[in-house]
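> I would like the atomic coordinates for the input below:
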Amino acid sequence: MKEMILMLSIAVGVLMLSAIKWTATALLVLGTVINNLGIYPWGAITMSAAGALWLVASIMMRDKALITTNASLFLIGNVSLLIGVI
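As a prediction, this is how the structure comes out:
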């Protein structure tokens with residue numbers, strides 16, 4: 001019984017990680033389109049949200065290179081939004 005519960009929790013985790021990654025990827029593509037259309041600040045907001053989701057996914061995967069990349073994207077996106085507001 002314990003093995004079955006463990007396998008189920010691993011399967012749920014894998015599905016959750018996959019959903020986060022695909023959602024983040026879709027937001028990244030959408031944010032790129034919005035940025036290329038020159039629609040500010042929605043492009044930056046969308047890219048920042050995608051960076052945040054990819055950061056969560058990279059932490060779940062324990063991938064240091066992706067953590068660094070996506071933490072940087074998230075930080076840069078939010079700084080650019082703050083600069084635009086100020």
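> can you point me to the longest helix in the protein?
helix 2-36 (DSSP state H).
> right, and the helix or strand after it?
Using DSSP states H and E, the helix or strand that follows helix 2-36 in sequence is helix 42-61.
> Show residues contacting that following helix.
13, 17, 20-21, 23-25, 27-28, 30-32, 34-37, 66-67, 69-71, 73-74, 77-78, 80-81, 84 (CB atoms under 8 Å, 6 or more residues apart in numbering). Where you see a C-beta, it was placed from the backbone N, CA and C, and this is true even at glycine.
> and what of stretch 16-28?
Stretch 16-28 is contacted from outside by T46, M47, A49, A50, L53, W54, V56, A57, M60, M61, using CB under 8 Å, 6+ apart.
> Mind putting the residues you listed into JSON lines with neighbour count?
Output for those, formatted as JSON lines (neighbours: other CB atoms under 10 Å):
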{"residue": "T46", "neighbour count": "22"}
{"residue": "M47", "neighbour count": "23"}
{"residue": "A49", "neighbour count": "18"}
{"residue": "A50", "neighbour count": "24"}
{"residue": "L53", "neighbour count": "22"}
{"residue": "W54", "neighbour count": "24"}
{"residue": "V56", "neighbour count": "17"}
{"residue": "A57", "neighbour count": "23"}
{"residue": "M60", "neighbour count": "14"}
{"residue": "M61", "neighbour count": "12"}
